[in-house]
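Trainee: need a structure here:
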Amino acid sequence: MTTDLQIVKSNHLIEASYRLSIAEQRVVLACIAQVRRDQPVTDSVLYSVSAAEIAELSGTDPKTAYRDLSAAAARLFDRRVTILREPDGSDRIVRKRLTRWVQTVDYIDSEGRVELRFGTDMIPYLSTLSANFTRYALTDVAKMTSAYGIRLYELLVQWGKGSREISVEQLRHFLQLEERYPAIKDLKRRVLEPAVEQINIHSPLIVIWEQRKTGKKITHIKFTFTQKKSHSDTDQKTKNPKLLTESEIAKKALPGESWEAARARLKQISLKFE
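Mentor: The predicted structure is shown next:
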């Protein structure tokens, strides 16, 4: 499988409510990357991905990839998606559509391979997209080990760059958390912190987040993010030890500390490049 594969999704699928394991995410994304956009796509097209390809993309042990692929194939058929908008962005009136990612999924044990067909309702959100869509490289998320990291990355790249504020209620909906992690401290520890860490390590983005309260209750999370600097930019900046890069700020920021607060704190204690 080539390393320049692109993921293209309707923004309304990015903001749909669903939950997939990391193994299921890898299968689904590897198949989405194969969707052709230069010809009509139907729900009869068969997409295929092997454990060997997953292992190569994600940098995981081949034996682990084989085991995970088998389990992912068994669960994928039952994975649901709740969509609130049509592919063109129009709202659905007084209803939510509950559908499936796939209509069929086969696991060929002798080849360590999954073959699947996307569900009929999913195809418009993956093909013939001329507006309101998000594109990123499969390699941006391939090595992540947090499914929440992949979802959060998509929600951020959908915005381009800068910042995005998401209510805690919205975030729970997007990630289909339902009754999981009802305490905000558990949500931060089990979802937000590992997701941001994975993005900062494996993706082209650097992310810092902070919480916002309404009264005494934490109701919103603000994510501030930017593209990582290129090696040439970093080399140039290291000549001046008084400058701090976004990468260093994100690495040294405290959980929940804003971008500006982290920068000010680090400057105050005169931290230099490592």
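
Trainee: Every contact and neighbour count from this point should use C-alpha atoms.
Mentor: OK.

Trainee: Just the residues contacting stretch 141-160, thanks.
Mentor: Contact with stretch 141-160 is made by 11, 14-15, 20-22, 25-26, 57-59, 133-136, 163-164, 175, 191-192, 194-199, 202-203, 225, as judged by CA atoms under 8 Å, 6 or more residues apart in numbering.

Trainee: Report the buried residues of stretch 57-71.
Mentor: Neighbour-count burial for stretch 57-71, counted by 16 or more other CA atoms under 10 Å, picks out 57-58, 65-66, 68-70.

Trainee: Likewise for stretch 75-88?
Mentor: So stretch 75-88, judged by 16+ other CA under 10 Å, has buried residues 76-77, 80-88.

Trainee: hey, where'd the strands end up in the stretch 101-250 of the chain?
Mentor: 102-108, 113-118, 133-137, 162-167, 205-214, 217-227 (DSSP state E, counting those that start in this stretch).

Trainee: Just put these in a markdown table and tack on mean neighbour count and distance to Tyr47.
Mentor: Listed next are these as a markdown table, based on neighbours: other CA atoms under 10 Å; distance: least, CA to CA, whole Å:
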| stretch | mean neighbour count | distance to Tyr47 |
| --- | --- | --- |
| strand 102-108 | 18 | 10 |
| strand 113-118 | 21 | 5 |
| strand 133-137 | 17 | 18 |
| strand 162-167 | 16 | 34 |
| strand 205-214 | 19 | 29 |
| strand 217-227 | 17 | 32 |
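
Trainee: so what's Arg79 closest to, chain neighbours aside?
Mentor: Nearest residue to Arg79, sequence neighbours excluded (CA to CA, 6 or more residues apart in numbering): Arg100, at 6.0 Å.

Trainee: these two touch, right, Lys96 and Val81?
Mentor: No: with contact defined as CA atoms under 8 Å, Lys96 does not count as touching Val81 (10.0 Å).

Trainee: would you say Ala30 is within a helix?
Mentor: Yes: counting by DSSP: H, G, I helix; E, B strand; the rest coil, Ala30 is located in a helix.

Trainee: if I look at it, how far off is Asp38?
Mentor: Distance check for Ala30 against Asp38: by CA to CA, to the nearest Å, it reads 18 Å.

Trainee: The two - which one has more neighbours?
Mentor: Counting neighbours by other CA atoms under 10 Å for Ala30 and for Asp38 shows that Ala30 has the greater number, 24 against 8.

Trainee: Per-residue pLDDT of the more buried one, please?
Mentor: At Ala30, the model reports a pLDDT of 96.

Trainee: Could you do the one 3 residues further on as well?
Mentor: Ala33 is assigned a pLDDT of 94 by the prediction.

Trainee: begin at 601 from here
Mentor: Let's use 601 as the start, then, which means that last one is Ala633.

Trainee: Now do the same contact list for it.
Mentor: Each residue near Ala633 by CA under 8 Å, 6+ apart is listed here: 605-608, 738.

Trainee: hang on, the earlier thing: determine which two of the buried residues of stretch 657-671 are furthest apart.
Mentor: Taking CA to CA as the measure, the buried residues of stretch 657-671 reach their widest spread between Leu657 and Ser670, a distance of 17.2 Å.

Trainee: Break down the stretch 751-874 of the chain into its helices, ranges please.
Mentor: In the stretch 751-874 of the chain, the segments counted as helices under DSSP state H, counting those that start in this stretch are 768-774, 784-787, 793-802, 831-837, 846-852, 859-868.

Trainee: So which elements touch the third one?
Mentor: Read that as helix 793-802. Under the contact definition 3 or more CA pairs under 8 Å, 6 or more residues apart in numbering; DSSP states H and E, helix 793-802 sits against helix 747-757, strand 805-814.

Trainee: JSON lines please, covering the ones you listed and showing distance to Tyr781 and mean pLDDT.
Mentor: Below are the helices and strands packed on helix 793-802 laid out as JSON lines (distance: least, CA to CA, whole Å; pLDDT from 0 to 100):
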{"stretch": "helix 747-757", "distance to Tyr781": "13", "mean pLDDT": "97"}
{"stretch": "strand 805-814", "distance to Tyr781": "16", "mean pLDDT": "94"}
